[in-house]
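Participant: Quick one, fold the following:
(chains A, B, C and D)
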Protein chains: 2
Amino acid sequence: MTAITDRISDKWDDLTKSDRLVARRLQADYPIAGLKTLAELATRAGVSAPSVIRCIRKLGFDSYPEFQSALHAEVQSRFDGAPACERALDANAGDRSLESTYVSSVQETIRLMQRSDVERLAALIARSRTSVLCLGGRISQALAMIMQAHLLRLRPNVELASNNPVQRAERLMDVAKGDVVVVFDYAPYDSHSVSFARLAQQNKAIVVCFTDVAQSPAAQYSQFVFNAEMPNVEGVSSLSGAVCSMDIILRAVREKIGIRATSRQESLAILPLQTLHPAK
Amino acid sequence: MTAITDRISDKWDDLTKSDRLVARRLQADYPIAGLKTLAELATRAGVSAPSVIRCIRKLGFDSYPEFQSALHAEVQSRFDGAPACERALDANAGDRSLESTYVSSVQETIRLMQRSDVERLAALIARSRTSVLCLGGRISQALAMIMQAHLLRLRPNVELASNNPVQRAERLMDVAKGDVVVVFDYAPYDSHSVSFARLAQQNKAIVVCFTDVAQSPAAQYSQFVFNAEMPNVEGVSSLSGAVCSMDIILRAVREKIGIRATSRQESLAILPLQTLHPAK
DNA sequence: CAAATCCTGTAATATATGTTACAACGCGAA
DNA sequence: TTCGCGTTGTAACATATATTACAGGATTTG
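Facilitator: Presented below is the predicted three-dimensional model:
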């Protein structure tokens, strides 16, 4: 990885909310985000200019120009160093290209996940008293379903929001302070999910957003954001990366809950298959 | 070479002495020379600032910032293109094991897919007259949802079976000869899905089974079987590979349907697309 | 609940950056 | 040589850019 993205990962815990918005953009849109002007980076990250400066400072640079110089050097080294590597890629263009598309999206997605965020979120979800609500848009609702189903095996009090906007709105009224609301939203973004995230945040809920690197507007209302790299193969973007990011969270939660979950799993096994989603 | 260095070569004859000093520097120190400020580039090239501007103009850019934007895009494309490559180079271990778990499951899953099967199935699904029915168990139902949603964008007549056993059974009666029934079933296997597959086959339907490598019993009633390698991280098996196999089918179908699908997509596109970052 | 602390954006400021106008210079042709 | 033309650099300018100071707001702590 690069020195700068590493630095971000290292200092991640010291970063504030808007610092992280900046840092995330630098990682997700590496390197172009950092090549533009400070103001533009601020806009893209959705913060003010001074916040960018503060973030850059925390990363160990004295000024924005100094940061850019470092970035320039990194970029340059890529061009100097490995022209051979580039060739290696399009050499096996045939079947392998398909494979590497998916592989690299998974790799990139995992790379973008902040270790400490994963741990903190997992700790939150592991507390079975906090209620969890999962939701998504037209397609991403499926991911919400998976998440809910898995979490329900580990702990009680996990809901799947209906993707009917009206029912959802009704459910929203019950979202209380400290509840965890997990929103899945990938391009094209779902306005209902975005509003839900916003209102949930207003209700002091902890909003978690799983989205793509371009980032759903819902992210700006979220305490936790996990970006998935979505390979756009012929116009169809794959959810493989998204599934991965979800899996990693689930894995961390399971790790935290540990043995407690086992007994629960067993009691679930005898239940008949339930209707997750009533027919319309 | 890159678009910019090409442009330099093209217009080389029209360039004056100091223009060439600038152009040469841009080529020789690509890309860093163009990432710095105009003044710095001027110094490095050994000319004055206005000379740089004149050169840039002759290369077809209206302003220095515009030129830089173009350069940024070029640089970015080099980074987008080869993310896998980069990773191969860095020796950074970290929690590599987690990453490689997912990566290898994806690789293995893709490897297990028979090219010819993919093509044959895609051809079948591409015929919009054959009706398609997707279904799954408790969790894999989510994959069925995704498949259905995507296929519906490409062609009509794609259903998602309720995962309510009763409603499902009712639907089963309508399964006719030649229909395509897509069953998602991963361990622990779902007896209802298995029975459905069996009965669908009896009705002369074409049964497609997405399952894991251990293979659901439903596979034995299926004409097409696609096995996904499911990494079993701490008892939770990941669907990332499964998603991949589904994606590959979808991709192949889209390839077959080709242009016909475009108009269909457009009718979907009229749905409201909200702004990415709404003004506050 | 109040106090203290930290975080964040607004607005003002200083700096540097790109651009323009113009004059000096070099060079070839009459 | 002198004229004319194209090229180049200097200096002034307008604009954009990074930075600082400060105050309102959120969050945490006692």
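Participant: Contact partners for the nearest residue to residue A:31 once chain neighbours are set aside?
Facilitator: Distances taken as C-beta to C-beta, 6 or more residues apart in numbering or on different chains place residue A:75 nearest to residue A:31, at 5.3 Å, with adjacent residues excluded. C-betas here are computed from N, CA, C, even on glycine. When contacts are counted by C-beta atoms under 8 Å, 6 or more residues apart in numbering or on different chains, residue A:75 touches A:31, A:35, B:31-32, B:35, B:75.
Participant: and which of these is nearest DNA strand C?
Facilitator: residue B:35 (9.9 Å; C-beta to the nearest atom of the strand).
Participant: Up against DNA strand C, what does chain A have?
Facilitator: Applying C-beta under 7 Å from any atom of the strand, we find that chain A lies next to DNA strand C at A:16-19, A:47-51, A:54, A:65.
Participant: Make a markdown table from these and add neighbour count and secondary structure to it.
Facilitator: What follows is the residues of chain A next to DNA strand C, written out as a markdown table (neighbours: other C-beta atoms under 10 Å in any protein chain shown; DSSP: H, G, I helix; E, B strand; the rest coil):
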| residue | neighbour count | secondary structure |
| --- | --- | --- |
| A:16 | 12 | coil |
| A:17 | 10 | helix |
| A:18 | 18 | helix |
| A:19 | 23 | helix |
| A:47 | 21 | coil |
| A:48 | 13 | coil |
| A:49 | 15 | helix |
| A:50 | 11 | helix |
| A:51 | 19 | helix |
| A:54 | 17 | helix |
| A:65 | 13 | helix |
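Participant: Which one of the contacts of residue A:75 is nearest to DNA strand D?
Facilitator: Closest to DNA strand D, out of all of the contacts of residue A:75 and judged by C-beta to the nearest atom of the strand, is residue A:35, at 9.8 Å.
Participant: That closest one is in contact with residue B:36, isn't it?
Facilitator: No - using C-beta atoms under 8 Å, residue A:35 is not in contact with residue B:36; the gap is 10.8 Å.
Participant: what sits in contact with each of these two?
Facilitator: Shared contacts of residue A:35 and residue B:36, counting by C-beta under 8 Å, 6+ apart, come down to residue A:72.
Participant: biggest separation within the contacts of residue A:75, which pair?
Facilitator: A:31 and B:32 (11.8 Å; C-beta to C-beta).
Participant: more crowded one of these two?
Facilitator: residue A:31 (22 against 19; other C-beta atoms under 10 Å in any protein chain shown).
Participant: wait, what's in contact with that one?
Facilitator: Per C-beta under 8 Å, 6+ apart, neighbours of residue A:31: A:71, A:74-75, B:75-76, B:79.
Participant: Residue A:230 looks like it's in a strand, true?
Facilitator: No - the assignment for residue A:230 by DSSP: H, G, I helix; E, B strand; the rest coil gives coil, which leaves it out of any strand.
Participant: Tell me who's in contact with it.
Facilitator: Contacts for residue A:230 (C-beta under 8 Å, 6+ apart) come out as A:105, A:186-187, A:212-213, A:237-239, A:241-242.
Participant: Need the pLDDT of it.
Facilitator: We have a pLDDT of 89 for residue A:230.
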